[in-house]
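Chemist: coords below, sequence missing:
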């Protein structure tokens, strides 16, 4: 098995791929520069006040210690408020995606008010179109964050928080749970994939249907192994099982990663995950299936890889 932790690179806030991330970076730089300037000026005023006497010292203290900070902080507050309003997004976004944080993976539903197209551990976004992401949690507090695209927001049990993002750059960007949520919290990542409008629509069309048919005898045996070992009780595979305890596997063969963004999706890692999931992701609730025979394991892996 080949580990590729942080396979999509660091959580780099300077790799701008969204309107909110760009505005946030600009605000961060502006406030950092303003803070440095304020520090230098205030220290200068302190020196002048220290050297002054009587009324002059009082005026330096009042001007440098009260008036100047109040004016500058009011200005920074106004600017930050305007920036936050600008990245809040439109009242009627182009798309809605519902993301539910679970220990330790992400349940994703596209168009939750309509077709309710299900997926897991990957967020696909249209390029240049505002998307409202509805954030939920089914167990503990999680936090949704794609540094290159937008800010972070908590996912709180019993509440629905809303985050609007507009991706401005095609590609794959690493996301992460930013709130400690249990043993496998550091291993709870995902990938945000930004596609042009036509490709995004094609993705939704592909998602709106049953899983790929098993073609080869080995794949057909793999589907039988999946059923015989009770996997259908936890995992949804459209056309075969509608269970929702674990991640949706309908298109697992298309994903670039395994285990919520922590491992390359390849034959060796997929087989290792099935046989000893606890070693690859401590804290994961899925049991290990190390009782499978070699042929059955290979058949199951071949079937899962064919789910595209």
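Modeler: That came in fine, so what should we check first? Treat the numbers as computed from the prediction; the structure is a model and nothing was measured.

Chemist: alpha carbons only for contacts and neighbour counts from here, please
Modeler: Fine.

Chemist: can you give me the strands for the stretch 201-308 of the chain?
Modeler: Here the stretch 201-308 of the chain has its strands, by DSSP state E, counting those that start in this stretch, at 236-237, 241-242, 257-258, 263-264.

Chemist: Quick one: residues contacting residue 100.
Modeler: Each residue near residue 100 by C-alpha atoms under 8 Å, 6 or more residues apart in numbering is listed here: 106-108, 135-138, 155.

Chemist: wait, which of the residues you listed is closest to residue 162?
Modeler: Residue 162 has its nearest neighbour among the contacts of residue 100 in residue 135, at 6.0 Å by C-alpha to C-alpha.

Chemist: Any idea how many residues pack against the closest one?
Modeler: Residue 135: 24 surrounding residues under other C-alpha atoms under 10 Å.

Chemist: and residue 264, how many residues sit next to it?
Modeler: Counted with other C-alpha under 10 Å, the neighbours of residue 264 add up to 20.

Chemist: Hmm, I typed the wrong one, I wanted residue 216.
Modeler: Counted with other C-alpha under 10 Å, residue 216 comes out at 13.

Chemist: Same check on residue 32?
Modeler: By other C-alpha under 10 Å, the residues close to residue 32 number 12.

Chemist: Please enumerate the helices of the protein.
Modeler: For the chain, applying DSSP state H gives helices covering 19-51, 55-62, 68-86, 197-207, 217-228, 267-275, 277-280, 294-305.

Chemist: which of those helices sits most buried?
Modeler: Highest mean neighbour count among the helices of the chain (mean count of other C-alpha atoms under 10 Å): helix 294-305, with a mean of 21.

Chemist: Between helix 267-275 and it, find me the angle.
Modeler: In terms of direction (axes from the mean of the first three to the mean of the last three C-alpha atoms, to 10 degrees), helix 294-305 departs from helix 267-275 by 110 degrees.

Chemist: Tell me what angle helix 294-305 forms with helix 217-228.
Modeler: Interaxial angle of helix 294-305 relative to helix 217-228 (the same axes, to 10 degrees): 90 degrees.

Chemist: Quick one: list the elements packing against helix 294-305.
Modeler: Contact here means 3 or more C-alpha pairs under 8 Å, 6 or more residues apart in numbering; DSSP states H and E; on that basis helix 294-305 packs against helix 217-228, helix 267-275.

Chemist: same thing but 6 Å
Modeler: With contacts taken as 3 or more C-alpha pairs under 6 Å, 6 or more residues apart in numbering; DSSP states H and E, helix 294-305 sits against helix 217-228.

Chemist: quick check: mean pLDDT across the helix it packs on?
Modeler: Regarding helix 217-228, the rounded mean pLDDT is 94.

Chemist: for stretch 142-150, same thing?
Modeler: Averaging pLDDT along stretch 142-150 yields 94.

Chemist: Can you get me the start-to-end distance on that stretch?
Modeler: Start and end residues of stretch 142-150 are separated by 16 Å (C-alpha to C-alpha, to the nearest Å).

Chemist: returning to that earlier point: least confident of the contacts of residue 100?
Modeler: residue 138 (92).

Chemist: Could you measure from it over to residue 103?
Modeler: Distance from residue 138 to residue 103, by C-alpha to C-alpha: 9 Å.

Chemist: More neighbours: these two, which one.
Modeler: Looking at residue 138 and residue 103 with other C-alpha under 10 Å, you find the greater number of neighbours at residue 103, namely 21 against 16.

Chemist: I'd like the strands of the stretch 201-308 of the chain as CSV, with mean pLDDT and distance to residue 167 appended.
Modeler: CSV is the format used below for the strands of the stretch 201-308 of the chain (pLDDT from 0 to 100; distance: least, C-alpha to C-alpha, whole Å):
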stretch, mean pLDDT, distance to residue 167
strand 236-237, 94, 29
strand 241-242, 88, 31
strand 257-258, 90, 21
strand 263-264, 88, 24
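
Chemist: any chance of those strands in CSV, plus distance to residue 59?
Modeler: Below are the strands of the stretch 201-308 of the chain laid out as CSV (distance: least, C-alpha to C-alpha, whole Å):
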stretch, distance to residue 59
strand 236-237, 72
strand 241-242, 73
strand 257-258, 63
strand 263-264, 63
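
Chemist: Just name the most buried of those.
Modeler: strand 236-237 (a mean of 23).

Chemist: contacting residues around that one?
Modeler: Applying C-alpha atoms under 6 Å, 6 or more residues apart in numbering, the set of residues contacting strand 236-237 from outside is 242-244, 248-250.

Chemist: repeat that with 7 Å
Modeler: Outside strand 236-237, the residues within contact range by C-alpha atoms under 7 Å, 6 or more residues apart in numbering are 211, 242-244, 248-250.
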